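Undergrad: sequence and predicted structure below; questions after.
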Amino acid sequence: MTPGFSDQLKKLRLEHSYTQKDVAEQLHVSRQTVSSWETGRNTPDLETTKQLAKLYNVTTDTLLSFNSKSKVTQSRSLATSLQVVFWVTITLLIVGRLSLLNTKAGLFWFDLLICVSFVLHFSIHFSNGVIRRTLLPIAHGLLGGLSVLSIWLNIFPAGFEGFQIDSFVVVAGILLFAEGILLWKIERPK
């Protein structure tokens with residue numbers, strides 16, 4: 001059975017406004033048995049699975065949620081994309097920071113962007129629901145927008161002798177904004 005099978009059972013039961021006792025009576029099992037299926041401690045046998053599908057008026061494929069694997073794979077590929085975007089963004093911000101060694105305000109701005117990027121990135125991985133993940137995409141998007149805006153308004157002159165670094169900052173800002181969109185896609189309420 002797939003990891004989402006127990007969740008699928010509970011979801012379908014609730015959609016049909018059944019209690020565990022109602023399902024148990026229909027299938028001639030105990031309420032505790034239904035509970036153990038929904039918590040993932042046990043799984044029903046094949047015949048009972050067919051009866052569950054019939055009770056919930058779905059196919060056995062839907063009940064077993066074979067299509068959930070593609071959602072997990074998609075979520076993992078988005079998470080991998082976020083990792084790549086994060087490290088490219090940090091690299092670009094560090095290169096941009098190196099170009100501002102002559103202005104205190106510019107150094108402060110890039111240090112702030114780099115630190116906030118790290119805090120946002122690691123809060124995703126270690127929050128376990130403590131931090132509202134819906135706020136992280138907004139913060140990333142806002143941070144990316146501020147990065148691009150600071151260069152567009154020419155707030156800090158950036159560049160080495162004969163080489164302008166503005167494009168690095170613009171790319172970093174766009175990547176932060178894109179990371180915000182990816183985060184929103186992963187974390188948005190279903």
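TA: Good, I have the coordinates.
Undergrad: give me the neighbour count for Leu176.
TA: Using other Cβ atoms under 10 Å, Leu176 has 29 neighbouring residues. Bear in mind the C-beta positions are built from the backbone N, C-alpha and C, glycine included.
Undergrad: and it, that one's in a helix?
TA: Yes - looking at Leu176 with DSSP: H, G, I helix; E, B strand; the rest coil, it is inside a helix.
Undergrad: check contacts around Lys11.
TA: Counting by Cβ atoms under 8 Å, 6 or more residues apart in numbering, Lys11 touches no other residue.
Undergrad: which SS state does it fall under?
TA: helix.
Undergrad: measure it to Glu179 for me?
TA: Distance of Lys11 to Glu179, computed by Cβ to Cβ, to the nearest Å: 31 Å.
Undergrad: and Asp111, by the same measure?
TA: Asp111 sits 19 Å away from Glu179, going by Cβ to Cβ.
Undergrad: more neighbours, the two?
TA: Set Asp111 next to Glu179 and count neighbours by other Cβ under 10 Å: Glu179 wins out with 28 against 13.
Undergrad: pretty sure Ile181 contacts Gly141?
TA: Yes - taking contacts as Cβ atoms under 8 Å, Ile181 lies within contact range of Gly141: 7.0 Å.
Undergrad: more crowded one of these two?
TA: Counted by other Cβ under 10 Å, Ile181 and Gly141 do not tie: Gly141 has more neighbours, with 18 against 13.
Undergrad: tell me how this structure divides into domains.
TA: Domain assignment of the chain by automatic domain parsing yields the ranges 5-64, 73-187.
Undergrad: where among those domains is average confidence lowest?
TA: In terms of average pLDDT, domain 73-187 trails the rest of the domains of the chain, at a mean of 66.
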